[in-house]
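> give me coordinates for this.
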Amino acid sequence: MAYIAGAADKVPSAVLRAAKKEQTEETEEIDEPKQKKREDWRKAKELEEARKLGKIPALVDEEGRDINPHIPQYIAASPWYLGFTQPTLKHQRPQEEKQRQFNNFNDWYKRGVKSTSLATKYRKGACENCGSLTHTKKTCLERPRRVGAKFTGDEIAPDEHLQPQLSFDYDGKRDRWNGYDPTQHTAVIEEFAKIEEAKKQLKADRLHEDLMTGQISDKLTNDDSDDDEKYAEHAPMPGTNFDTKRRITVRNLRIREDTAKYLRNLDPNSAYYDPKTRSMRENPYALTGKTPDELPYAGDNFVRSVGDTSRMATAQLFAWEAYEKGTDVHLQAEPTKLELLHHEFKVRKEDFTDDQKQNILQKYGGEEHLEAPPKQLLLAQTEDYVEYSRHGSVIKGQEKAKMKSKYEEDIYINNHTSVWGSFWKDGRWGYDCCHSYVKHSYCTGEAGKEVSTSLMGDLLPSTSFREEEEPKSLLEQHQEKMAKKDKKKKKKKKHHSSDDEDSEEEIRKSKERLKKALEEEDRKRKEAEKILSLDERKRPYNSLQTFNDYKEPTEEEMEAYRMKRRREDDPMANFLNQK
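Numbering: from 1, shown residues only. Next up, the predicted model:
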């Protein structure tokens, strides 16, 4: 509490009142904002609303800039202790005295050493090894001398530059060209210029030599090809505008000779054209009355429903559904995997449908209704009227449609009225319209038929047509059949006797061959057991056969192997070996 004059002669309550009075006088001297009355608050509110509506001009700060009236009061009002006497937003802006100062992009560390001033004698406090003032002997990077510069005073090294303390901002620290000296690239340019000059001189010398020898034509063509290869990267790619300097590729989304989509129908109420995606989904010729197949362009939706686009859309939908269920598959990244999964899904779906159908039929029955014949057969009548002739050809009505194949049908060439293969005679195919046996020949019509019949008549015997044999009676036909049966029986008896003799001889020979094969199999097994019982180092040199000694086994050898083979699953195998 401050000292109050004459406080010793007063009571404590009077002292407190005097102290409060002095405190109020001190606070009045400080320029504090006084509490506003209700009327002042109402006027300030009206002014604020008028500024927001634009009826009166906005407030201006000390720099002459307008203050946005829509800024909230807790932002626009400055603290009273700053001492601002007029409206301002300076307290919200960065303070210059508190801003961190950064170096410019052009500032960088100095390279090399000072070449302007060179010392001739050793200086006190310098490096004892090389004589430079900017470092000590402990941090010297030169080769250690036998006698340092401190004692010899010779070859004093120049001083390094005193590096500044640089401070860069975010962009300056990450500038890849910061500190680069453009003058360093002049050496590279001069080197390439010298190489080009040397190449030109070498080319001129070769041309002069070729001109003297007379081989100038071939060399010129080769040089042209070299130049084409040299400047090939500057040529634009087909379908693109490629700039080799900027490395920017611009795709031509449509051929310039094609009509633009927005020019096909100039009616503003026709199909909508989206300039951003360059798409026109609706048909611009919808009001012309033509079908989409007759139009050169019927909208993007029609184009997307032609060919394999529907199948591709189905595959894409399957990929999305599979990804939602946890299968990692993508149409563009893994098309083969997607195709296999889709095929497997369809097969399983068909099997599930068939099983479900069979279960329902087994539970409720009614399979006989599904296998019922068509109604035309059940009722023996249809509403299709067809009138036939005596020969079975259709006179009136709809004839049954013929099945079409994947090959082109009913295409007549070279004036023919029938296709190749419509005529057959004597084992040869031809055309029915002219009886020509030469494929792709020209049709001669009825004249060709007459010529073909006359040629066949010359090739056949004197009688152009064989006379029909007289019909035989039933007795004669029966006698011929019985005679044929007797001949067949006699032949069978002869063949049976000869076959029995041959079969007996073959059985006897096969038994002999099987006996020899069994003996040979026993010999091989004993030899193999003998070789396996020997030590590897004591095995004879030619004990193992080469691959050239092996040949395809005969049937007898295979039978002997099967008979001698040991069967592990046979319970009597061990007993036979002991015996």
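> show me where pLDDT drops low in the stretch 1-150 of the chain?
For the stretch 1-150 of the chain, residues meeting the criterion pLDDT under 70 lie at 1-34.
> ranges for the helices of it?
All helices of the stretch 1-150 of the chain, identified by DSSP state H, counting those that start in this stretch, fall at 12-29, 38-53, 73-76, 149-152.
> helices or strands up against the helix ranked longest in the chain?
Under DSSP state H, the helix in the chain containing the largest number of residues is helix 474-533. Counting contacts by 3 or more Cβ pairs under 8 Å, 6 or more residues apart in numbering; DSSP states H and E, helix 474-533 packs against helix 555-564. C-beta here means a position set from N, CA and C on the backbone, and glycine is covered the same way.
> and the helix it packs on, what does it pack against?
helix 474-533.
> now the helix it packs on, how far from the centre of its chain.
67 Å (Cα atoms, centre = their mean, to the nearest Å).
> same question for stretch 111-122.
On Cα atoms, centre = their mean, the centre of stretch 111-122 falls 64 Å from the chain's centre.
> CA-only coordinates of it in CSV, if you can.
Provided in CSV are the C-alpha atoms of stretch 111-122 (Å, rounded to 0.1, in the frame of the first residue of the first chain):
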residue,chain,number,x,y,z
ARG,A,111,34.0,-21.4,-52.8
GLY,A,112,37.7,-21.7,-53.0
VAL,A,113,40.4,-19.6,-51.4
LYS,A,114,41.3,-15.9,-51.4
SER,A,115,43.5,-15.4,-54.5
THR,A,116,43.9,-11.6,-54.1
SER,A,117,46.1,-11.5,-51.0
LEU,A,118,48.9,-14.1,-50.6
ALA,A,119,51.2,-14.0,-47.5
THR,A,120,55.0,-14.3,-48.0
LYS,A,121,55.9,-15.1,-44.4
TYR,A,122,54.5,-16.9,-41.5
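> list of residues touching it?
With contact meaning Cβ atoms under 8 Å, 6 or more residues apart in numbering, stretch 111-122 is reached by 126, 131, 133, 149, 150, 153, 156, 157, 158, 159, 160, 161.
> most neighbours, which of those residues?
Highest neighbour count within the contacts of stretch 111-122, by other Cβ atoms under 10 Å: residue 131, with 26 neighbours.
> quick one, what contacts that residue?
With contact set as Cβ under 8 Å, 6+ apart, residue 131 has these partners: 119, 122, 123, 149, 150, 153, 155, 156, 157.
> ok, 7 Å please
If you count contacts by Cβ atoms under 7 Å, 6 or more residues apart in numbering, residue 131 has them with 119, 122, 149, 156, 157.
> for the third one, which non-adjacent residue is spatially closest?
Spatial nearest neighbour of residue 149, excluding adjacent residues (Cβ to Cβ, 6 or more residues apart in numbering): residue 131 at 3.6 Å.
> what distance do you get for that neighbour to residue 125?
According to Cβ to Cβ, to the nearest Å, residue 131 and residue 125 sit 11 Å apart.
> neighbours around residue 176, how many?
Count around residue 176 with other Cβ under 10 Å applied: 6.
> quick one, phi psi at it?
phi -70, psi -20 (degrees, to the nearest 10).
> ok, it to residue 414 distance?
Counting by Cβ to Cβ, the gap from residue 176 to residue 414 is 77 Å.
> which ones are touching residue 387?
395, 396, 397.
> quick check: buried residues in stretch 198-214?
For stretch 198-214, the neighbour count (16 or more other Cβ atoms under 10 Å) marks no residue as buried.
> let's test this: mean pLDDT of that stretch, rounded?
If you average the pLDDT over stretch 198-214, you get 87.
> with only the CA atoms kept, save it in PDB.
Provided in PDB are the C-alpha atoms of stretch 198-214 (Å, rounded to 0.1, in the frame of the first residue of the first chain):
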ATOM      1  CA  ALA A 198      35.800 -31.600 -85.300                       C
ATOM      2  CA  LYS A 199      33.000 -33.700 -86.700                       C
ATOM      3  CA  LYS A 200      32.400 -31.200 -89.500                       C
ATOM      4  CA  GLN A 201      36.100 -31.100 -90.400                       C
ATOM      5  CA  LEU A 202      36.200 -35.000 -90.400                       C
ATOM      6  CA  LYS A 203      33.100 -35.100 -92.600                       C
ATOM      7  CA  ALA A 204      34.600 -32.600 -95.000                       C
ATOM      8  CA  ASP A 205      37.800 -34.700 -95.300                       C
ATOM      9  CA  ARG A 206      35.900 -37.900 -95.900                       C
ATOM     10  CA  LEU A 207      33.800 -36.200 -98.600                       C
ATOM     11  CA  HIS A 208      37.000 -35.000-100.300                       C
ATOM     12  CA  GLU A 209      38.500 -38.400-100.200                       C
ATOM     13  CA  ASP A 210      35.400 -40.100-101.600                       C
ATOM     14  CA  LEU A 211      35.200 -37.400-104.300                       C
ATOM     15  CA  MET A 212      38.700 -38.400-105.400                       C
ATOM     16  CA  THR A 213      37.900 -42.100-105.400                       C
ATOM     17  CA  GLY A 214      34.500 -41.800-107.000                       C
END
